[in-house]
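> just to be clear, the model below is a prediction. Sequence and coordinates:
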Amino acid sequence: MKTLYISDLDGTLLNSSAKLSEFSKNALVELSNRGIYFTVATARSPYSVRSILYGIPISVPCILMNGVLIYDIMTDTFVEVNEIMPQAFRAVLSAIRKENLSCFIYFVKDNKLSSYYESIENANMQAFYDERKNQYGKSFVRVDKLEDIVPSGIIYFTMLYTREELLPLYERVSEVPNISCSFYKDVYSEDLWYLEIFSSRATKYNSTLRLKEQYGFDRVVGFGDSHNDIPLFNACDECYAVENAADELKAYADEILGSNNSDSVAKFMLDVSK
């Protein structure tokens, strides 16, 4: 039976320091050498995923940015890009303005992912910007007015605030046609929440089924920790939550593994592939 293993990264495959341990890294290389198919489904972009998974042969494209992108890490190419339609882009931006919030807007052009922004208004946005620009070499483009952006190739909005600040916007944009949202707590912070907005065509669910069909897998096994992994779990034949996972996700899991700090995903795959 041809099986694909798909894991979320933060809070699942990565430890609480947002690192892939040497044990897990070596295990993934060993599993690849055994002919085991493995990939990731994450909210992260290619910039950080390339760094995190450096040296690991990932033969199946990765599901990135909650399903917005399907990305071949071995060739550094986008297999699929789900754009936000112009009318939906304008409606989301209008809702953001009404709540007086700032955002990063991602776009793809010539097989390159970049991000527009107007200003950086809080320490969380600054930390987000600094880490991705300095550590991963991500491309940012400052503009005077986001409304002047040509809405071609736009794929994603990201906002970082407290839950209370983001909740009214989440409720607004949830009503926008052809738009989906991921609203969740940052696993590395006490009070930071993310609101990510993208095309309704782009989900971990759709992308997982696409990989299953395109590569002829008989079975997909998924691993996760957060509520934004529910679409992944719904597309999997088997699904496993780590011990530190949200209770909401655990309700969908076939079994609960150890924590993300115990290399639980890698150990599970090593064990079942013997």
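Received the coordinates, thanks. Numbers count the residues shown, from 1 in each chain.
> let me see the contact set for Ser139.
Ser139 is in contact with 112-115, counting by C-beta atoms under 8 Å, 6 or more residues apart in numbering. For glycine as for every other residue, the C-beta is placed from the backbone atoms N, C-alpha and C.
> just put those in JSON lines and tack on distance to Leu192, pLDDT and neighbour count.
Below are those laid out as JSON lines (distance: C-beta to C-beta, whole Å; pLDDT from 0 to 100; neighbours: other C-beta atoms under 10 Å):
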{"residue": "Lys112", "distance to Leu192": "28", "pLDDT": "90", "neighbour count": "12"}
{"residue": "Leu113", "distance to Leu192": "23", "pLDDT": "91", "neighbour count": "23"}
{"residue": "Ser114", "distance to Leu192": "23", "pLDDT": "92", "neighbour count": "15"}
{"residue": "Ser115", "distance to Leu192": "18", "pLDDT": "94", "neighbour count": "22"}
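> quick check, nearest of those residues to Ala123?
Distance to Ala123, by C-beta to C-beta, is smallest for Ser115 among the contacts of Ser139, at 18.3 Å.
> helix, strand or coil for the closest one?
strand (DSSP: H, G, I helix; E, B strand; the rest coil).
> didn't it look like it was pressed against Val108?
No: with contact defined as C-beta atoms under 8 Å, Ser115 does not reach Val108; the gap is 10.6 Å.
> just the strands from the protein, written as ranges.
According to DSSP state E, the chain carries its strands in the segments 3-7, 37-40, 62-64, 69-72, 77-81, 104-109, 112-117, 139-142, 154-161, 179-185, 193-199, 219-224, 238-241, 255-256.
> a markdown table please, covering the contacts of Ser139 and showing distance to Tyr5.
As requested, the contacts of Ser139 are exported to a markdown table (distance: C-beta to C-beta, whole Å):
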| residue | distance to Tyr5 |
| --- | --- |
| Lys112 | 29 |
| Leu113 | 25 |
| Ser114 | 31 |
| Ser115 | 30 |
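> what's the closest of these to Phe89?
Ser115 (14.4 Å).
> closest one of the contacts of Ser139 to Leu14?
Nearest to Leu14 out of the contacts of Ser139 is Leu113 (C-beta to C-beta; 20.5 Å).
> residue contacts, the closest one?
Taking C-beta under 8 Å, 6+ apart, one finds 45-47, 69, 106-107, 138-139 in contact with Leu113.
> now Leu31
38, 266, 269-270, 273.
> re earlier: just the buried ones from the contacts of Leu113?
Neighbour counting by 16 or more other C-beta atoms under 10 Å classes 45-47, 69, 106-107, 138 among these as buried.
> name the nearest residue to the residue most central in space within the chain, ignoring sequence neighbours.
Nearest to the mean C-alpha position of the chain, by C-alpha atoms, centre = their mean, lies Ala43 at 1.3 Å. Leaving aside its chain neighbours, Ala43 sits nearest to Asn66 (5.1 Å; criterion: C-beta to C-beta, 6 or more residues apart in numbering).
> which residues touch that neighbour?
Shown in contact with Asn66 (C-beta under 8 Å, 6+ apart): 42-43, 182, 196, 198, 202-204, 228.
> most neighbours, which of these?
Most neighbours among these, by other C-beta atoms under 10 Å: Lys204, with 30 neighbours.
> fine by me, thanks again.
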